[in-house]
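Colleague: Pasting a predicted model and its sequence here:
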Amino acid sequence: MMFEHVFCDYCEEDYAPEELAVLAPPTGDGKLICARCLEIKLRRAIAELEHKN
């Protein structure tokens, strides 16, 4: 059995396809993203919102 690995477009680490999600517009541009990078993007977005208020 051959395992397919794809890369996160943000950290460039390799993952199994089911470990990645597509970051769709308007947040993203259709790139593949892993859970770790998604969490980082979400934390940054929350911090930015808190800073504006």
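Modeller: Arrived safely, thanks for sending.
Colleague: how much space between Pro25 and His5?
Modeller: For Pro25, the distance to His5 equals 26 Å [C-beta to C-beta, to the nearest Å]. C-betas here are computed from N, CA, C, even on glycine.
Colleague: Which residue ranges of the protein form strands?
Modeller: 6-7, 14-15, 20-23, 31-34 (DSSP state E).
Colleague: Reformat those strands into CSV and put mean neighbour count and mean pLDDT next to each item.
Modeller: Shown next, in CSV, are the strands of the chain (neighbours: other C-beta atoms under 10 Å; pLDDT from 0 to 100):
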stretch, mean neighbour count, mean pLDDT
strand 6-7, 14, 95
strand 14-15, 15, 95
strand 20-23, 16, 92
strand 31-34, 18, 95
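Colleague: Gly28 versus Glu13, what's the distance?
Modeller: According to C-beta to C-beta, Glu13 stands 17 Å off from Gly28.
Colleague: Between these two, which has more neighbouring residues?
Modeller: The neighbour comparison of Glu13 against Gly28 (other C-beta atoms under 10 Å) goes to Gly28, with 16 against 12.
Colleague: what sits against the closest residue in space to the more buried one that isn't next to it in sequence?
Modeller: Nearest non-adjacent residue to Gly28, counting by C-beta to C-beta, 6 or more residues apart in numbering: Val22, 7.6 Å away. Shown in contact with Val22 (C-beta atoms under 8 Å, 6 or more residues apart in numbering): Gly28, Gly30, Lys31, Leu32, Ile33.
Colleague: in the sheet, who's paired with the fourth one?
Modeller: With DSSP bridges applied, Leu32 shows beta-bridge pairing to Val22.
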